[in-house]
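[1] Here's my sequence, what's the structure:
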Amino acid sequence: MARSRRNVRVLLVQDRPPLGLLGDVVEVRPGYAHNFLLPGGVAALVTPDALRRIEKQKKQAVLSRTQRDADLRAAAAQLEGLNLTINEKASEEGHLYGSVGTKEILEALLAREIPVEERQIKLEHPIKELGIFSVPIELGPDTSAQVRVWVVEQDA
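    Here you go, the predicted model:
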(Lines give C-alpha, C1' and ligand atoms only; values in the text may rest on other atoms or scores of the structure.)
Protein backbone atom coordinates (compact mmCIF):
# COMPACT_ATOMS: atom_id res chain seq x y z
CA MET A 1 0.00 0.00 0.00
CA ALA A 2 1.49 3.34 -1.05
CA ARG A 3 1.80 6.14 1.45
CA SER A 4 0.33 9.53 0.65
CA ARG A 5 2.94 12.09 -0.39
CA ARG A 6 0.76 15.15 0.00
CA ASN A 7 2.36 18.33 1.23
CA VAL A 8 1.35 20.03 4.47
CA ARG A 9 0.62 23.75 4.75
CA VAL A 10 2.37 25.52 7.63
CA LEU A 11 2.65 29.12 8.78
CA LEU A 12 6.22 30.35 9.25
CA VAL A 13 6.74 32.10 12.59
CA GLN A 14 10.39 32.93 11.78
CA ASP A 15 12.24 34.02 8.66
CA ARG A 16 13.67 30.89 7.06
CA PRO A 17 15.29 31.69 3.70
CA PRO A 18 14.93 30.26 1.12
CA LEU A 19 11.71 28.65 2.38
CA GLY A 20 10.01 31.95 3.21
CA LEU A 21 9.61 34.84 5.60
CA LEU A 22 7.65 35.26 8.83
CA GLY A 23 3.92 35.08 8.14
CA ASP A 24 4.22 33.17 4.87
CA VAL A 25 2.08 30.07 4.42
CA VAL A 26 4.20 27.45 2.69
CA GLU A 27 3.69 23.86 1.57
CA VAL A 28 6.32 21.36 2.73
CA ARG A 29 6.66 17.60 3.02
CA PRO A 30 4.94 16.16 6.10
CA GLY A 31 8.18 14.76 7.54
CA TYR A 32 9.95 18.12 7.25
CA ALA A 33 7.06 19.86 8.96
CA HIS A 34 6.56 17.35 11.78
CA ASN A 35 10.22 16.53 12.45
CA PHE A 36 11.86 19.92 12.03
CA LEU A 37 9.67 22.99 11.49
CA LEU A 38 6.95 22.41 14.09
CA PRO A 39 9.12 21.08 16.99
CA GLY A 40 11.78 23.74 16.30
CA GLY A 41 9.28 26.57 16.62
CA VAL A 42 9.97 27.70 13.07
CA ALA A 43 6.40 27.08 11.91
CA ALA A 44 2.90 26.48 13.22
CA LEU A 45 -0.13 24.80 11.77
CA VAL A 46 -2.33 27.14 9.75
CA THR A 47 -5.31 28.09 11.92
CA PRO A 48 -7.35 31.29 12.09
CA ASP A 49 -5.96 31.95 15.59
CA ALA A 50 -2.35 31.50 14.43
CA LEU A 51 -2.95 33.84 11.47
CA ARG A 52 -4.31 36.57 13.79
CA ARG A 53 -1.36 36.24 16.20
CA ILE A 54 1.23 36.42 13.45
CA GLU A 55 -0.06 39.70 11.95
CA LYS A 56 1.48 41.86 14.70
CA GLN A 57 4.77 39.99 14.52
CA LYS A 58 4.72 40.37 10.74
CA LYS A 59 4.52 44.18 10.99
CA GLN A 60 7.44 44.26 13.45
CA ALA A 61 9.47 41.94 11.20
CA VAL A 62 8.94 44.23 8.20
CA LEU A 63 10.19 47.19 10.24
CA SER A 64 13.24 45.28 11.46
CA ARG A 65 14.04 44.05 7.92
CA THR A 66 13.79 47.63 6.65
CA GLN A 67 16.18 48.84 9.36
CA ARG A 68 18.60 45.94 8.72
CA ASP A 69 18.59 46.69 4.97
CA ALA A 70 19.33 50.37 5.66
CA ASP A 71 22.22 49.38 7.96
CA LEU A 72 23.62 47.03 5.31
CA ARG A 73 23.42 49.72 2.62
CA ALA A 74 25.27 52.15 4.92
CA ALA A 75 27.97 49.56 5.60
CA ALA A 76 28.30 48.86 1.86
CA ALA A 77 28.72 52.58 1.18
CA GLN A 78 31.48 52.69 3.82
CA LEU A 79 33.25 49.72 2.20
CA GLU A 80 32.81 50.68 -1.44
CA GLY A 81 36.08 51.93 -2.91
CA LEU A 82 38.03 51.25 0.28
CA ASN A 83 41.76 50.61 -0.27
CA LEU A 84 43.52 48.07 1.94
CA THR A 85 47.28 47.59 1.92
CA ILE A 86 48.74 44.23 2.88
CA ASN A 87 52.49 43.79 3.20
CA GLU A 88 53.91 40.38 2.26
CA LYS A 89 57.33 38.93 1.48
CA ALA A 90 57.80 38.32 -2.24
CA SER A 91 60.41 37.11 -4.73
CA GLU A 92 62.05 39.44 -7.22
CA GLU A 93 59.50 38.30 -9.83
CA GLY A 94 56.64 39.49 -7.59
CA HIS A 95 55.42 36.05 -6.45
CA LEU A 96 54.49 35.84 -2.78
CA TYR A 97 56.23 33.29 -0.58
CA GLY A 98 52.87 32.66 1.05
CA SER A 99 49.47 33.90 -0.03
CA VAL A 100 46.87 36.48 0.94
CA GLY A 101 43.51 34.95 1.77
CA THR A 102 40.29 35.94 3.48
CA LYS A 103 41.98 35.82 6.90
CA GLU A 104 44.53 38.51 5.97
CA ILE A 105 41.85 40.69 4.36
CA LEU A 106 39.68 40.29 7.46
CA GLU A 107 42.58 41.37 9.70
CA ALA A 108 43.14 44.47 7.54
CA LEU A 109 39.43 45.37 7.75
CA LEU A 110 39.31 44.81 11.52
CA ALA A 111 42.44 46.97 11.93
CA ARG A 112 40.35 49.79 10.44
CA GLU A 113 37.51 48.88 12.84
CA ILE A 114 35.20 47.74 10.06
CA PRO A 115 33.06 44.87 11.39
CA VAL A 116 32.99 42.17 8.72
CA GLU A 117 32.84 38.40 9.07
CA GLU A 118 35.28 36.15 7.21
CA ARG A 119 32.45 34.32 5.40
CA GLN A 120 31.35 37.63 3.85
CA ILE A 121 34.66 38.05 2.00
CA LYS A 122 34.15 36.40 -1.39
CA LEU A 123 37.73 35.86 -2.57
CA GLU A 124 37.70 33.39 -5.48
CA HIS A 125 41.22 32.11 -4.81
CA PRO A 126 44.14 33.16 -2.61
CA ILE A 127 46.27 36.01 -3.93
CA LYS A 128 49.77 34.75 -4.73
CA GLU A 129 51.46 37.77 -6.31
CA LEU A 130 52.00 41.47 -5.78
CA GLY A 131 49.41 43.78 -7.27
CA ILE A 132 46.03 45.43 -6.88
CA PHE A 133 42.99 43.20 -6.59
CA SER A 134 39.26 43.88 -6.35
CA VAL A 135 37.63 41.74 -3.66
CA PRO A 136 33.84 41.55 -3.23
CA ILE A 137 32.37 41.74 0.27
CA GLU A 138 28.85 40.28 0.43
CA LEU A 139 27.04 41.88 3.38
CA GLY A 140 23.60 40.49 2.64
CA PRO A 141 21.60 38.74 -0.05
CA ASP A 142 21.23 41.92 -2.12
CA THR A 143 24.01 44.07 -0.65
CA SER A 144 27.67 43.90 -1.56
CA ALA A 145 30.68 46.16 -2.01
CA GLN A 146 34.06 46.00 -3.75
CA VAL A 147 37.23 46.58 -1.72
CA ARG A 148 40.55 47.21 -3.42
CA VAL A 149 43.39 45.18 -1.90
CA TRP A 150 46.95 46.37 -2.56
CA VAL A 151 49.43 43.58 -1.97
CA VAL A 152 52.85 45.22 -1.68
CA GLU A 153 56.32 43.91 -0.91
CA GLN A 154 57.21 43.95 2.74
CA ASP A 155 60.27 46.05 3.58
CA ALA A 156 63.18 43.90 4.69
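
[2] can you map out the strands along this protein?
    For the chain, the strands defined by DSSP state E occupy 8-12, 25-28, 43-45, 83-88, 95-100, 127-129, 131-140, 143-153.

[3] Compute the distance between residue 90 and residue 107, please.
    18 Å (Cβ to Cβ, to the nearest Å). For every residue, glycine as well, the C-beta is placed using N, CA and C.

[4] just residue 14 next, same as before
    From residue 14 to residue 107 the distance is 34 Å (Cβ to Cβ).

[5] related to what we said a few turns ago, ok, residue 90 and residue 107, which is more surrounded?
    residue 90 (18 against 12; other Cβ atoms under 10 Å).

[6] sorry, back to before: list just the one of the strands of the chain that sits closest to residue 116.
    Comparison of the strands of the chain against residue 116 by Cβ to Cβ identifies strand 131-140 as nearest, at 6.2 Å.

[7] what's next to the closest one, contact-wise?
    68-69, 72, 75-76, 79, 94, 105, 116, 120-123, 127, 144-151 (Cβ atoms under 8 Å, 6 or more residues apart in numbering).

[8] Those, buried ones only, as a PyMOL selection?
    Remark: buried members of the contacts of strand 131-140, expressed as a PyMOL selection using 16 or more other Cβ atoms under 10 Å:
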select buried, resi 72+75+76+79+105+116+120+121+123+127+144+145+147+149+151
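
[9] Break the chain into its domains for me.
    The record assigns the chain these domain ranges, following automatic domain parsing: 8-73, 80-153.

[10] Throw those domains into a markdown table and include mean pLDDT, thanks.
    Listed next are the domains of the chain as a markdown table, based on pLDDT from 0 to 100:
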| stretch | mean pLDDT |
| --- | --- |
| domain 8-73 | 89 |
| domain 80-153 | 91 |
